[in-house]
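Undergrad: Generate a structure from the sequence data that follows.
(one chain, ligands or ions: 1)
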Amino acid sequence: MNQTLEASTSETPGLVCAHHHLYSALARGMPAPPKVPGTFLEVLENVWWRLDRALDLEMLEWSAKLGALEALEAGCTAIIDHHESPNAIEGSLSVIADACAEVGVRVSTCYGITDRHGSAGAQRGLAENDRFLTDGGRGMVGVHAAFTCSDDSLSAAAELALKHQVGVHIHVAEGIDDLGAADRVRDLSTDDWLIIHGVHLADDHGISGTIVHNPRSNMNNSVGYARPNRFANPVALGTDGIGADMLAEFQLAYFKQRDEDIHATPDDAWSWLAQGWTVFPEARSDRVTWSYAPAEAWHMAFTPTIRAIDVEIDQQAVLNEGLPTRVDADEIRAKAREQATRLHAAIEELP
Ligand SMILES: [Zn+2]
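TA: This is a model prediction of the structure:
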């Protein structure tokens, strides 16, 4: 990043969120889980897998618009999204792509297949990935995680990705429940895969692809520290659905690393942020003007509350003086709040 910038500039290219769940933008304030989770699997079962089951396409539309708006406001111009809504699968990826297009943010999305809802559920997820990619959508093939998929589903996802010449976007070894993932996906993986988390992977796990580190989410789910610089793979940064403020995620990535290692510097975390331009190259030509200069690692790590002032995507102004140019931010927040109320009520009614 430094090489492309003048020393005192307040500009950077557009930041990339290499792992997001736009469907979880309405999760904030959701009802308390029926059981207080004591393990990572219980967090999934009692929080995230209840949220995704309650989603319909209208909730998803406004969740994605809110997520896209908040990305833009944080200088993030490209989102790599991973989606699951098991009771509203068909057409869901187009709803996300259209929502982001309306706000003006770049998105690559995918449907995270799983056998949690039977093999028919996995088939429907595969079909949605295939439909979206066949229609020319920008995306990958999604897999929830090896521990919720059969070997047949994992192979089918890898095959579909090859057919469309894209990578697979999969959670790997986020918690100890997924310790067996490496042996099951190693031989399927290729360099264009996105390997999300890798917290419990061995240093020499042998899986190909870019590892995406999500420090805030890992802390929130209490799964441990991934220590991402131990891997031979390239490392990028994501949020795992908790917004798309990549400067904040960069700061957390640095502080978490420093917490474990007094020799850590902001340069590692900055290089992980910059890796986003390899996985979403178009963002490199986007421009963000920040409220602070110089926009470089050792300043950005220790400066609180840096805001994006102006954002250009594909040479079009999409954020001007902190306000979106294509959509009404107040309207999106109001509609998203209405849909959040519906969603939270639906979660409470789940069996
Ligand atoms: Zn995730």
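Undergrad: What are the boundaries of the helices in the stretch 51-200 of the chain?
TA: Using DSSP state H, counting those that start in this stretch, the helices of the stretch 51-200 of the chain run over 57-73, 92-103, 118-134, 151-164, 181-185.
Undergrad: Could you do the stretch 251-351 of the chain as well?
TA: 266-274, 276-279, 297-300, 329-349.
Undergrad: Out of those helices, flag the one nearest residue 23.
TA: For those, proximity to residue 23 was assessed by CB to CB; helix 329-349 is nearest, at 9.8 Å. Where you see a C-beta, it was placed from the backbone N, CA and C, and this is true even at glycine.
Undergrad: who touches residue 111 in this structure?
TA: Neighbour list for residue 111: 83-84, 89, 92-93, 125-126, 128-129, 132, 142 [criterion: CB atoms under 8 Å, 6 or more residues apart in numbering].
Undergrad: Can you name the residues bridging to it?
TA: residue 83 (DSSP bridges).
Undergrad: mind putting the helices of the stretch 251-351 of the chain in a markdown table, mean neighbour count, distance to residue 30 and mean pLDDT included?
TA: Formatted as a markdown table, the helices of the stretch 251-351 of the chain follow (neighbours: other CB atoms under 10 Å; distance: least, CB to CB, whole Å; pLDDT from 0 to 100):
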| stretch | mean neighbour count | distance to residue 30 | mean pLDDT |
| --- | --- | --- | --- |
| helix 266-274 | 21 | 29 | 98 |
| helix 276-279 | 21 | 28 | 98 |
| helix 297-300 | 18 | 31 | 97 |
| helix 329-349 | 15 | 5 | 97 |
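Undergrad: Go through those helices and name the closest to residue 17.
TA: Set against residue 17 and scored by CB to CB, these come closest in helix 276-279, at 7.5 Å.
Undergrad: Which of the helices and strands in the protein ranks last by mean pLDDT?
TA: Taking mean pLDDT, DSSP states H and E as the measure, the chain has helix 40-43 as its least confident helix or strand, at a mean of 93.
Undergrad: Can you list the neighbours in contact with it?
TA: Taking CB under 8 Å, 6+ apart as the rule, helix 40-43 contacts 35, 37, 174-177, 221-223.
Undergrad: Got the confidence number for residue 199?
TA: On the pLDDT scale, residue 199 is placed at 98.
Undergrad: go on, the one 10 residues further on?
TA: Taken from the predicted model, the pLDDT recorded for residue 209 is 98.
Undergrad: can you check residue 34 too?
TA: 87.
Undergrad: ok, it touching residue 46?
TA: Yes: Residue 34 lies in contact with residue 46 (CB atoms under 8 Å); the separation is 6.2 Å.
Undergrad: Looking at those two, which is more packed in?
TA: The neighbour comparison of residue 34 against residue 46 (other CB atoms under 10 Å) goes to residue 46, with 16 against 11.
Undergrad: how about the nearest residue to the more buried one once chain neighbours are set aside, phi and psi?
TA: Spatial nearest neighbour of residue 46, chain neighbours left out: residue 33 (3.6 Å); criterion: CB to CB, 6 or more residues apart in numbering. Backbone torsions for residue 33, taken as degrees, to the nearest 10, come to phi -60, psi 150.
Undergrad: and the gap between residue 33 and residue 218?
TA: For residue 33, the distance to residue 218 (CB to CB, to the nearest Å) stands at 19 Å.
Undergrad: and the two? which has more neighbours close in?
TA: Legend: neighbour count by other CB under 10 Å for residue 33 and residue 218, higher for residue 218 (20 against 15).
Undergrad: ok, now which ones touch the more buried one?
TA: Going by CB under 8 Å, 6+ apart, residue 218 touches 174, 197, 199, 224-226, 240.
Undergrad: Which among the residues you listed count as buried?
TA: 174, 197, 199, 226, 240 (16 or more other CB atoms under 10 Å).
Undergrad: Point out where the protein drops to low pLDDT.
TA: In the predicted model of the chain, residues 1-7 satisfy pLDDT under 70.
Undergrad: hmm, 80 instead?
TA: 1-8 (pLDDT under 80).
Undergrad: For the stretch 151-300 of the chain, which segments are assigned as strands?
TA: 168-172, 194-197, 210-213, 235-237, 287-290 (DSSP state E, counting those that start in this stretch).
Undergrad: OK, contacts around residue 146?
TA: When contacts are counted by CB under 8 Å, 6+ apart, residue 146 touches 154, 170, 172, 178, 180-181, 184-185.
Undergrad: With residue 11 instead?
TA: 5, 287-290, 295.
Undergrad: Do I have it right that residue 83 meets residue 91?
TA: No: counting by CB under 8 Å, residue 83 does not reach residue 91; the two are 11.4 Å apart.
Undergrad: who has more neighbours, the two?
TA: Taking other CB under 10 Å, residue 83 and residue 91 do not tie; residue 83 has more neighbours (29 against 14).
Undergrad: Thought residue 221 was touching residue 176, still the case?
TA: No: under the criterion of CB under 8 Å, residue 176 makes no contact with residue 221, lying 11.8 Å away.
Undergrad: quick one, which of the two is more surrounded?
TA: Shown here are residue 176 and residue 221; by other CB under 10 Å, residue 221 has more neighbours (21 against 14).
Undergrad: Run a quick neighbour tally on residue 23.
TA: Per other CB under 10 Å, the neighbour tally for residue 23 reads 28.
Undergrad: so who does it touch?
TA: Here residue 23 is in contact with 51-52, 55, 60, 63-64, 83-85, 96, 241 (CB under 8 Å, 6+ apart).
Undergrad: So it: helix, strand or coil?
TA: The local conformation at residue 23, judged by DSSP: H, G, I helix; E, B strand; the rest coil, is helix.
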